[in-house]
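Trainee: I'll drop the sequence and a predicted model, then ask my questions.
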Amino acid sequence: MRLVLLLVTLAIVGVSPYLGLPGWTPGLAAVAAFLALGLIGLNLVFGAVGMLALGQAAFMALPAYVSGMMVRFLDAPLPFAFAVGVAAAIFVAWCLSLVFIRLPGIYFAIGTIGFAFVLEGLMRAFPNVTGGASGLVLAGSGDLSSTQWHLLSIALLFAGLAAYAMLLRGAWLRALKIVRVDELAAQALGVKVAREKMKAFVIGSGFSAVGGLFLSYYVGVVVPDSGGVNQSLELLAMIIIGGAGTLLGPVIGAALVQWLFAISGAAGHYELLVYGLAFLGVILFAPRGVVGSLTALLPPVVAPTIDASSKQGERRTVVRSTREIGEPCLTVVGATRRYGGLTAVDGVGLSVAFGEVLALIGPNGAGKSTFFNIVSGIERPDEGTVFIDGDRPASPLIHERARKIGRSFQSPRLVEDMSVLDNVLLRVDQVAPKAGEAERRAIALARLAFFGLDGVAHEPVRQLSLGHHKQIELARASVGDPPLLLLDEPAVGLTAVEVERLALMLKRLKAEGAAILVVEHNIGFVASVADRIVVMDAGRLIAEGTPDVVMQNEAVQRAYFGALT
């Protein structure tokens, strides 16, 4: 289906200039095609990952300046100058990503704006080299005829879209989706968020460089404004209008805006009006962009069913190959976490053995979630050490601990626009990176079948209940049989039947040798599954023992029993 839509769209862009559409000429089609090729990069950075890059036009102008100056001053061959120009843009993007990627939220956008301002300023500051405000005339742009440029633009656009479609699928597509929605959940699953964002930024800048380079040579000149902030905002507008994150969004956005400019009679005079009307139309009638809105009208594509009972589905993807029941899996020594004058966790030490369920209970504000975050690697303790499955000590990085920890959250952190199967595949991708896509799907389906969720495997998560969300997250956390499971209030929001099913699942996981640490307020559930209970208050452990012993502890009953039921 994607290939059919791609071919139809390119046929329209390529053939329609010869069919008499008002204002749509081969020259305008070539401009739109080269522009769309550059927009593929912004579509990857902003549309797929959600990074608000407000200076992406700089990567479209930079290679044209580099190659143009090489030809002008060094008499370099044009193909070599092209290659160096694109390589220079990619190298600069990689250097900037080392800093920009780690900037939170709006600061990334501000950083990219700063780069666009710097590039535009440099191009204006040295007129003897760059041509200054008048721009740099690019030699060799007149070697091709108008028809040849048009055909070249369509061929390059097709190659760019095909490359984008090949890159953005499977495990990487799933990783980018969860990075876009919830970076913390991505790290807890083992995704290296900074690496994935850096890869997307650099690859996206490469697409922008190629598209911008050919567009500049087609026009015959590159000016400072073409790499500035205003041009970057125009590119962002085209992506939003076309459909951010969709395969054909760059093509539709570029073609539609360029055509509107052409039929308006004078783009320079009516530019703001055209953009304003286009934005209002998109916001009011197509908030997902033209392509996104049209795609929503199509019937959903049903994924092929894979037998979860096949040999691939039964294959164990185990993080730890041997487990000794009763041997310590998690050991925490003197964990302390302070926030200014508040001590949230105060010298807490405990251990969980393989084949054991340990319940951590206590009133709200006792420090349970902070302690969980310390074990996960989300928080770093001010004092104390965490040992997990023989690590001495465990890696402080969340994504590295995730290989040995399966974690669920109090509020399930799932990607609601993805199917149940794809949400579970997010974990499979990390624990079985060498497996093929079909094998990963079989592993995920087998895990869903283990939890009785195979019937909803292809349903979008947003259509399911909170109870299903809890079970899906537990199924995902247990993929790969991690040595340690951290379950944060897994029974909250479940019906009585679902709680019974959850208890059965935990007992089965325990029988397989997993070490399970549970934070829970449902005392009946805790008593039915826990081998031991520890009670926490004001950041400290105040009681520990079997469920019967802890429940009969007078101090626990007086201080916490009412709050815990």
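Mentor: It's in.

Trainee: next, count neighbours for residue 84.
Mentor: Neighbours of residue 84 under the rule other Cβ atoms under 10 Å: 16. (Glycine included, C-beta is placed from N, CA and C.)

Trainee: hang on, isn't it packed against residue 71?
Mentor: No. Using Cβ atoms under 8 Å, residue 84 makes no contact with residue 71, being 10.3 Å away.

Trainee: okay, now the unreliable bits of this structure?
Mentor: 1-14, 19-20, 141-142, 265-272, 274-275, 279, 297-322, 558-565 (pLDDT under 70).

Trainee: residue 557: neighbouring residues, count only.
Mentor: Residue 557: 13 neighbours (other Cβ under 10 Å).

Trainee: what does residue 384 give?
Mentor: Residues within reach of residue 384, counting by other Cβ under 10 Å, total 17.

Trainee: run through who's touching the host helix or strand of it.
Mentor: Per DSSP states H and E: residue 384 is located in strand 383-388. With contact meaning Cβ atoms under 8 Å, 6 or more residues apart in numbering, strand 383-388 is reached by 328-336, 347-349, 374-375, 393-394, 401, 404-405, 483-484.

Trainee: next one: stretch 214-226
Mentor: By Cβ under 8 Å, 6+ apart, stretch 214-226 touches 30-31, 34-35, 37-38, 57, 60-61, 64-65, 68, 119-120, 123-124, 130-138, 140-142, 149, 152-153, 156, 212, 231.

Trainee: in helices, which of these appear?
Mentor: Among the contacts of stretch 214-226, the residues falling in helices (DSSP state H) are 30-31, 34-35, 37-38, 57, 60-61, 64-65, 68, 119-120, 123-124, 130, 149, 152-153, 156, 212, 231.

Trainee: tell me the domain ranges of this protein?
Mentor: According to automatic domain parsing, the chain comprises the domains 2-227, 320-419+480-564.

Trainee: what ranges do the strands span in the stretch 1-150 of the chain?
Mentor: 136-137 (DSSP state E, counting those that start in this stretch).

Trainee: quick one: the helices in the stretch 101-250 of the chain?
Mentor: With helices called from DSSP state H, counting those that start in this stretch, the stretch 101-250 of the chain shows them at 106-125, 127-130, 146-167, 170-181, 183-189, 193-219, 229-242, 249-264.

Trainee: select, out of the domains of the chain, the one closest to residue 273.
Mentor: Residue 273 sits nearest to domain 2-227 of all the domains of the chain, at 16.3 Å, using Cβ to Cβ.

Trainee: what about that closest one, distance to the chain center?
Mentor: 21 Å (Cα atoms, centre = their mean, to the nearest Å).

Trainee: relative to residue 73, how far out is residue 123?
Mentor: Using Cβ to Cβ, to the nearest Å, residue 123 is found at 15 Å from residue 73.

Trainee: mind checking which of the two has more residues around it?
Mentor: The neighbour comparison of residue 123 against residue 73 (other Cβ under 10 Å) goes to residue 123, with 27 against 9.

Trainee: show me the contacts for the more buried one.
Mentor: So residue 123 contacts 61, 65, 130, 131, 132, 136, 223, 224, 227 (Cβ under 8 Å, 6+ apart).

Trainee: distance check, the nearest residue to the last one once chain neighbours are set aside against residue 68.
Mentor: I take that to be residue 227. Ranked by Cβ to Cβ, 6 or more residues apart in numbering and with sequence neighbours excluded, the top spatial neighbour of residue 227 is residue 61, at 2.9 Å. Here residue 61 is placed at a distance of 10 Å from residue 68 (Cβ to Cβ).

Trainee: again, but for residue 153
Mentor: From residue 153 to residue 68 the distance is 19 Å (Cβ to Cβ).

Trainee: need the contact list for residue 57.
Mentor: With contacts defined as Cβ under 8 Å, 6+ apart, residue 57 is in contact with 116, 208, 212, 226, 227, 228, 229, 231, 232, 234, 235.

Trainee: from those, which is closest to residue 91?
Mentor: residue 208 (13.8 Å).

Trainee: my guess is the closest one contacts residue 92, does it?
Mentor: No. Residue 208 sits out of contact with residue 92 when judged by Cβ under 8 Å, with a separation of 11.4 Å.
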